[in-house]
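Enquirer: Below is the sequence, then the predicted model.
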Amino acid sequence: MFTDTCGRPLRPDYIGHVFQNMVRRSGLPPARLHDLRHGAASLALTGGSDLKVVQAQLGHSTIMTTADTYTSVLPETAYLSAEATARVVIDAARKLSRGIRYQSTPRKRRTKAHPGPSINRAIRSSA
């Protein structure tokens, strides 16, 4: 709530008018006072705030209102999310590769040029 120097509440249309004048003088793109609320929610989430905390800060009765209406996926948020996802996949692959023993392709058995009697036959015949 905004008040004047005597503590009396200011009219919402007056606050909007003053804000619009400030935006025009700043050279920034046009914005509504309410856009600051959306921006604050998006920045809080990008900064790592929990959605439930942002809900409480904005005074919403449901978390769905906060998630659906008052947040945007900023490029930084999307980038951080992609990095975190890639980290999970890479870590899982590393854990898997430590648990699996890679076997080389089976070697071909050498065949003798002149096959002789097998060992078993030689043992039986000597007995």
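Expert: That came through fine.
Enquirer: gap between stretch 6-15 and the chain center?
Expert: Relative to its chain's centre, stretch 6-15 lies at 41 Å (C-alpha atoms, centre = their mean, to the nearest Å).
Enquirer: isn't Leu51 right up against Met64?
Expert: No - taking contacts as C-beta atoms under 8 Å, Leu51 lies outside contact range of Met64: 10.0 Å. In this view, the C-beta of every residue, glycine as well, is placed from N, C-alpha and C.
Enquirer: who's more crowded, these two?
Expert: A count of neighbours by other C-beta atoms under 10 Å puts Leu51 above the other of Leu51 and Met64, at 14 against 10.
Enquirer: And stretch 21-34, how far out from the chain middle?
Expert: Distance, centroid of stretch 21-34 to centroid of chain: 32 Å (C-alpha atoms, centre = their mean).
Enquirer: residues of it that come out buried?
Expert: Val23 (16 or more other C-beta atoms under 10 Å).
Enquirer: is it true that Arg37 touches Thr71?
Expert: No - contact between Arg37 and Thr71 fails when scored by C-beta under 8 Å: they sit 10.7 Å apart.
Enquirer: which of those two has more neighbours?
Expert: Neighbour totals were compared for Arg37 and Thr71, and Thr71 leads with 19 against 14 (other C-beta under 10 Å).
Enquirer: ok, that one touching Val54?
Expert: Yes - counting by C-beta under 8 Å, Thr71 does reach Val54; the two are 7.3 Å apart.
Enquirer: which neighbours do those two share?
Expert: Common neighbours of Thr71 and Val54, using C-beta atoms under 8 Å, 6 or more residues apart in numbering, are 41, 45.
Enquirer: center of this structure - which residue?
Expert: Most central in the chain under C-alpha atoms, centre = their mean is Ser81, positioned 2.1 Å from the mean C-alpha point.
Enquirer: In the protein, what helix or strand scores lowest on average pLDDT?
Expert: helix 119-126 (a mean of 50; mean pLDDT, DSSP states H and E).
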